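Peer 1: Give me a model of this one.
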Amino acid sequence: MENIEIEGTPKTPTIKFNPGEGHLTIQGRSIPENSIEFYKPLVDALEAYGASPKEKTNVNIVLEYFNTSSSKCILDVFKKLEKINADSSGVTINWHYEEDDEDMLEAGEDYQAIINIPFKMIEIEE
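Peer 2: Numbering: from 1, shown residues only. Sure thing, here's the model as predicted:
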């Protein structure tokens, strides 16, 4: 399986998915013109990765901001990870948020309440 590397822009996050090591990072701002189209390669790759995941899968979410359509796509990513986690692999989601960004902390807590995967809330000091 190939790595996915999508370079971030002012409107889209950097995405780095290394299936060989079981690492996924989504970092930056997520306000793409078409969220579904932007996240589709990652969702498809996670579907394929689910057939033979690593023993441990580490996910780092380091978003400054995301819009409503991105939130749905991020949930789709988490649902793929939830299936991988339920099938065997130990998936951990590290949700990074800036120390005074209550909205991003709350967003992480909302996902944590919906998805059955261990979340670690990691505060970033400014």
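
Peer 1: For the chain, which strand extends over the most residues?
Peer 2: Criterion DSSP state E: the longest strand present in the chain is strand 56-66.

Peer 1: partners of that strand in the sheet?
Peer 2: strand 23-30 (parallel), strand 90-98 (parallel) (DSSP bridges).

Peer 1: For that strand, buried residues please.
Peer 2: 57, 58, 59, 60, 61, 62, 63, 66 (16 or more other CB atoms under 10 Å). Where C-beta positions appear, they are placed from N, C-alpha and C, glycine not excepted.

Peer 1: Could you do stretch 116-126 as well?
Peer 2: 117, 119.

Peer 1: Can you give the distance of the lengthiest helix in the chain from its chain's centre?
Peer 2: Ordering each helix of the chain by length in residues (DSSP state H) puts helix 68-87 first. When C-alpha coordinates are averaged (CA atoms, centre = their mean, to the nearest Å), helix 68-87 and its chain have centres 8 Å apart.

Peer 1: Could you check the angle the longest strand of the chain makes with helix 68-87?
Peer 2: 170 degrees (axes from the mean of the first three to the mean of the last three CA atoms, to 10 degrees).

Peer 1: which one among the buried residues of strand 56-66 gets closest to residue 51?
Peer 2: Proximity of the buried residues of strand 56-66 to residue 51 was ranked by CB to CB; the top entry is residue 57 with 13.3 Å.

Peer 1: Name whatever forms a beta bridge with that closest one.
Peer 2: residue 91.

Peer 1: what sits against it?
Peer 2: Counting by CB atoms under 8 Å, 6 or more residues apart in numbering, residue 57 touches 22, 23, 24, 81, 84, 85, 89, 90, 91, 92.

Peer 1: mind running it again at 10 Å?
Peer 2: By CB atoms under 10 Å, 6 or more residues apart in numbering, residue 57 lies in contact with 19, 21-24, 46, 49-50, 81, 84-85, 89-93, 117.

Peer 1: Show me just the buried residues among those residues.
Peer 2: 19, 22-24, 46, 49-50, 81, 84-85, 89, 91-93, 117.

Peer 1: Among those residues, find the lowest-pLDDT one for me.
Peer 2: On pLDDT alone, residue 89 ranks lowest of the buried ones among the contacts of residue 57, at 69.
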